[in-house]
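Colleague: Curious how this folds, go ahead:
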Amino acid sequence: MAIVRYILFAQVFVAFFVAGGVFFKTRQLRNVTLSLLIALVGFHIVLFLFGSGALVTLYPEFKSWFYFEVALLFGPLVFIHLQCLIFNKSKLKALDYLHLFPILIFWMGYGDVLLMEGTARAQYINEHFYSRTMIWNYLLAFQMMVYAIGSSIFLYLHRTKLTHKRFQYALFLVLAYVCSSVLISYLTHFANGWRDFASYYVILTFLIFGVGYFLVKNPDLLIQIKKKYFSSNLSEKDMKRIRSKIEKAFKMDQVFLDGSFNISGLSELLNEKQHHVSQTFSELISENFNDYVNKHRIEVAKQYLHDSNYKQYKIEAIALESGFNNKVTFYKAFTKFADQTPSAFRKLKSEE
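Modeller: Numbers count the residues shown, from 1 in each chain. The predicted structure is shown next:
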């Protein structure tokens, strides 16, 4: 147990470092929700280490403070973060604050205990653990399972709206939360004490490492933690200038029709630094490069499929003419941006 505690203590610093790196890059909602989620994971580990060690007897005034409130925020943050990934959600709406309702219920039912004097509260909790505190442990487990199931269904229903890399990232995040929820539910019923929850917090650390891994491996997935971004002096005015050049290259020159076209080639064409172009896509255009390119290619493909001069062209030929390298990628992109297959689109247009 001592070794596990040292490992968890080290993970607290990792959590705060990763959370800070994500947050201080940009204040977009997707980054804020991710940063807050990781920071709260680290804070929850601190609460666990405090509650399961000797410090709780030295400082009883902090016993049970924030433990439930923090854990009740995990699910809402995961769900809102998924909304940001799928729908580019940029701001919270009034309806989003309903996610705080379980915390309100908790305070209505347990606030009298939390407001007790420290020593008296610690004694009361020990004496009434099963009659008062245990109820809220079950509520927490239930709430986490509801969000785990809800997030899984939500991701499944909207999976086609995500790129392959974004879907991998979202799937990992949801699976990590599902595993944590299942484990916390099991431990709530069968654990003999706080120390039995160590495995739950070890799994939470995988969330930290996993998110960090995806941020590093996929630079345009979310804002990555890289020095070039921290030192970037790219202003909004510069990003608007770069966006204008991008729009011109796509509209006038149709550079996306080249099957080998990539962000590196675009940066050379625009005579701009690649990370500045990437930053413009991420922060100002709010769309990753691949989606931006494929969306334009699909519009060209629609014109070909609608043009009687191309009615003898096979779907594979239309895909190549539109800049795609293979039929599979073309079908996937077409279905994503047109909500139907190329064949169905062509048939519908021929019947009009």
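Colleague: who are the neighbours in contact with the residue positioned nearest the centre of the chain?
Modeller: For the chain, the residue nearest the mean C-alpha position is residue 81 (4.5 Å; C-alpha atoms, centre = their mean). Contacts for residue 81 (C-beta atoms under 8 Å, 6 or more residues apart in numbering) come out as 30, 33, 34, 37, 173. The way it works is simple: take the backbone N, C-alpha and C, and place the C-beta from them, glycine included.
Colleague: Please, which helix or strand holds it?
Modeller: Using DSSP states H and E, residue 81 falls within helix 67-87.
Colleague: for that helix, which positions count as buried?
Modeller: Residues of helix 67-87 classed as buried: 67-68, 70-86 (neighbour count, 16 or more other C-beta atoms under 10 Å).
Colleague: Contacts for the helix or strand just after it next, please.
Modeller: Helices and strands here follow DSSP H and E; after helix 67-87, the next one along the chain is helix 101-114. Identification of contacts with helix 101-114 by C-beta under 8 Å, 6+ apart yields 64-65, 68-69, 72-73, 121, 124-125, 132-133, 135-136, 139, 143.
Colleague: just the angle between helix 101-114 and helix 67-87, please?
Modeller: For helix 101-114 against helix 67-87, the angle by axes from the mean of the first three to the mean of the last three C-alpha atoms, to 10 degrees is 170 degrees.
Colleague: Could you point out which residue ranges in the stretch 251-352 of the chain have low pLDDT?
Modeller: 349-352 (pLDDT under 70).
Colleague: How are the strands of it distributed by residue range?
Modeller: For the stretch 251-352 of the chain, applying DSSP state E, counting those that start in this stretch gives no strands.
Colleague: Let me see the ranges of the helices in it.
Modeller: With DSSP state H, counting those that start in this stretch as the criterion, the stretch 251-352 of the chain has helices at 263-270, 274-280, 289-306, 315-321, 327-338, 342-351.
Colleague: Packing partners of the first one?
Modeller: Using 3 or more C-beta pairs under 8 Å, 6 or more residues apart in numbering; DSSP states H and E as the contact definition, the elements that helix 263-270 packs against are helix 236-251, helix 274-280.
Colleague: Same list as before, the helices of the stretch 251-352 of the chain that is, but in TSV and with mean neighbour count and distance to residue 247 included.
Modeller: Formatted as TSV, the helices of the stretch 251-352 of the chain follow (neighbours: other C-beta atoms under 10 Å; distance: least, C-beta to C-beta, whole Å):
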stretch	mean neighbour count	distance to residue 247
helix 263-270	16	11
helix 274-280	20	11
helix 289-306	19	10
helix 315-321	18	22
helix 327-338	18	18
helix 342-351	14	25
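Colleague: Would you mind giving the ones you listed as CSV with distance to residue 150 added?
Modeller: Output for these, formatted as CSV (distance: least, C-beta to C-beta, whole Å):
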stretch, distance to residue 150
helix 263-270, 35
helix 274-280, 33
helix 289-306, 26
helix 315-321, 37
helix 327-338, 23
helix 342-351, 31
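Colleague: So which of those helices is nearest residue 178?
Modeller: Closest to residue 178 of the helices of the stretch 251-352 of the chain is helix 327-338 (C-beta to C-beta; 25.4 Å).
Colleague: separation between residue 270 and residue 293?
Modeller: Between residue 270 and residue 293 the computed distance is 14 Å (C-beta to C-beta, to the nearest Å).
Colleague: ugh, wrong one, residue 65
Modeller: Distance from residue 65 to residue 293, by C-beta to C-beta: 50 Å.
Colleague: which residues sit in contact with residue 305?
Modeller: Here residue 305 is in contact with 318, 342, 345, 346, 349 (C-beta under 8 Å, 6+ apart).
Colleague: Spell out which residues sit in contact with the third one, please.
Modeller: It refers to residue 345. Residue 345 touches 302, 305, 334, 338, counting by C-beta under 8 Å, 6+ apart.
Colleague: can we see that at 6 Å?
Modeller: By C-beta atoms under 6 Å, 6 or more residues apart in numbering, residue 345 lies in contact with 305, 338.
Colleague: For it, give its distance to residue 82.
Modeller: 29 Å.
Colleague: now the second one
Modeller: Taking C-beta to C-beta as the measure, residue 342 and residue 82 are separated by 29 Å.
Colleague: Then the fourth one?
Modeller: Taking C-beta to C-beta as the measure, residue 346 falls 34 Å from residue 82.
Colleague: So what's the residue count around residue 94?
Modeller: Neighbour count for residue 94, taken as other C-beta atoms under 10 Å: 6.
Colleague: can you check residue 326 too?
Modeller: Residue 326 has 12 neighbouring residues, counting by other C-beta under 10 Å.
Colleague: quick one: it from residue 296, how far?
Modeller: Taking C-beta to C-beta, one finds residue 326 at 18 Å from residue 296.
Colleague: Please apply the same query to residue 45.
Modeller: 45 Å.
Colleague: Residue 146 now?
Modeller: 40 Å.
Colleague: next one: residue 69
Modeller: From residue 69 over to residue 296 the distance is 46 Å, taken as C-beta to C-beta.
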